[in-house]
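Q: For reference, the sequence and a predicted model appear below.
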Amino acid sequence: MDLTHRKASEEPLPVEWQIEYLGGRGLAYRYLLDGLNREVGPLDPECKMVLMVGPLAGTLVPTSSWMAVAAQSPANGKFACDMVGGGAAAELKFAGYDGIIISGKAAVPTFLYVTDQRITFERANTLWGTGAQEAERAIQEKKWTYRARVLVIGPDGEKLAPSACLTSDGRRQGGKVGLGAVMGSKNLKAVALRGHGGVRVADMPGFLDFILEYWGEGARENRGRWARAEGEAACVSCPTGCGYLSDGEVSDFPANEAATIWDSLAVCRLWRPPLDILAEAFCRVTGVPTTPEVLRQAGERIETLERLLTDSTMAGRRG
């Protein structure tokens with residue numbers, strides 16, 4: 001993807017690389033090294049950003065739906081790679097691609113729409129400045145499909161914060177070393193993915209037997225999305241529901257990561273369910289990394305704001 005000239009091209013994935021650098025992370029690093037220019041900084045237009053998936057993405061293999069996002073980190077200048085869960089990896093495979101290499105800088109805020117081996121450059125002027133979830137919903141509405149998976153940045157990425165993340169599926173974060181800022185430096189608000197294809201397996205009966213041997217009959221249910229019990233949300237082809245759905249009373253945020261809340265409890269020794277949920281929602285919307293310390297500080301600021309608003313309201317009523 002050349003954002004500067006709004007051009008897209010395709011190339012086959014070298015067979016020898018598939019063998020030598022198995023998996024999305026290894027391939028992402030290999031593409032970053034290809035044609036490396038040490039004079040290029042993390043936020044320069046020439047800096048490449050790579051989205052890559054492994055050979056099992058889009059299949060029934062549990063926990064295989066991870067996308068590697070790699071670039072030079074604005075935080076330290078080194079190569080960095082983070083993994084994003086949800087459905088983005090599978091959707092990229094369904095669209096006919098193993099990866100996307102992004103370079104250049106768009107003249108105006110832009111989002112990329114990738115579907116069935118076709119790529120379009122779309123204006124994102126009205127989305128610039130919006131939160132990650134709002135932008136994701138707007139892109140899905142524009143493309144008439146809520147099945148699209150969107151990798152999107154919030155205001156932190158737009159402002160080139162060195163710790164800015166990108167968000168997918170409303171709550172899955174990646175790139176805690178500033179990869180959201182790399183997108184922002186390219187005027188790239190989002191990458192939307194929607195595919196209607198699939199992943200062919202040479203020996204499907206043997207493949208299913210292998211999966212069932214380790215995971216049991218549950219793997220046959222609901223096309224590999226069998227972990228969505230009531231109140232839980234899981235990545236594609238994952239038996240672990242690590243997100244808990246909000247009932248809408250505390251926040252309209254679709255779901256919260258159980259691991260994030262547990263980290264907040266364990267590290268910060270706090271358990272404030274409404275504040276924790278709101279703090280995590282704030283981080284997801286803006287693109288701030290959801291580390292325990294950040295959640296603690298966000299929760300304290302929300303608590304202070306609520307107290308000030310309440311005191312002000314009560315003072316006004318008394319007056």
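A: That came in fine, so what should we check first? Residues are numbered from 1 along each chain as shown.
Q: ok, A132 - contacts?
A: Applying C-beta atoms under 8 Å, 6 or more residues apart in numbering to A132 gives the contacts 152-154, 166-167, 170, 284-287. C-beta here means a position set from N, CA and C on the backbone, and glycine is covered the same way.
Q: now, among those, which is nearest to V15?
A: L166 (30.0 Å; C-beta to C-beta).
Q: Next, work out how far apart the closest one and A68 are.
A: Separation of L166 from A68 (C-beta to C-beta, to the nearest Å): 12 Å.
Q: The stretch 1-150 of the chain: strands as residue ranges?
A: Assigned by DSSP state E, counting those that start in this stretch, the strands in the stretch 1-150 of the chain fall at 49-53, 67-72, 79-84, 99-102, 110-115, 118-123, 149-152.
Q: winner for burial among these?
A: Mean neighbours per residue, mean count of other C-beta atoms under 10 Å, is largest over those for strand 149-152, with a mean of 29.
Q: Within its sheet, name the partner strands of that strand and how each one runs.
A: strand 166-168 (antiparallel), strand 188-193 (antiparallel) (DSSP bridges).
Q: I'd like the ones you listed laid out as CSV, including distance to F111 and mean neighbour count.
A: Formatted as CSV, the strands paired with strand 149-152 follow (distance: least, C-beta to C-beta, whole Å; neighbours: other C-beta atoms under 10 Å):
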stretch, distance to F111, mean neighbour count
strand 166-168, 12, 30
strand 188-193, 4, 28
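Q: among those, which gets the worst mean confidence?
A: Set side by side, the strands paired with strand 149-152 differ in mean pLDDT, and strand 166-168 is lowest with a mean of 88.
Q: I'd like the next helix or strand past that strand.
A: Next along the chain after strand 166-168, taking DSSP states H and E as the criterion, comes strand 172-174.
Q: Return the list of helices and strands in contact with that following strand.
A: Judged by 3 or more C-beta pairs under 8 Å, 6 or more residues apart in numbering; DSSP states H and E, strand 172-174 is in contact with strand 79-84, strand 166-168.
Q: Can you tell me which of those is nearest to S64?
A: S64 lies closest to strand 79-84 among the helices and strands packed on strand 172-174, at 11.5 Å (C-beta to C-beta).
Q: relative orientation of the closest one and strand 67-72 in degrees?
A: Counting by axes from the mean of the first three to the mean of the last three C-alpha atoms, to 10 degrees, strand 79-84 points 160 degrees away from the direction of strand 67-72.
Q: Which strands or helices does strand 79-84 pack on?
A: Using 3+ C-beta pairs under 8 Å, 6+ apart: strand 79-84 touches helix 24-33, strand 67-72, strand 172-174.
Q: I'd say L166 and L179 touch.
A: Yes - using C-beta atoms under 8 Å, L166 is in contact with L179, at 6.1 Å.
Q: Give the residues shared as contacts by those two.
A: V69.
Q: okay, E249: pLDDT?
A: pLDDT for E249: 46.
Q: do T145 as well
A: 81.
Q: any idea how far it is from G170?
A: With distances taken as C-beta to C-beta, T145 is found 15 Å from G170.
Q: So the two - more neighbours on which side?
A: G170 (20 against 12; other C-beta atoms under 10 Å).
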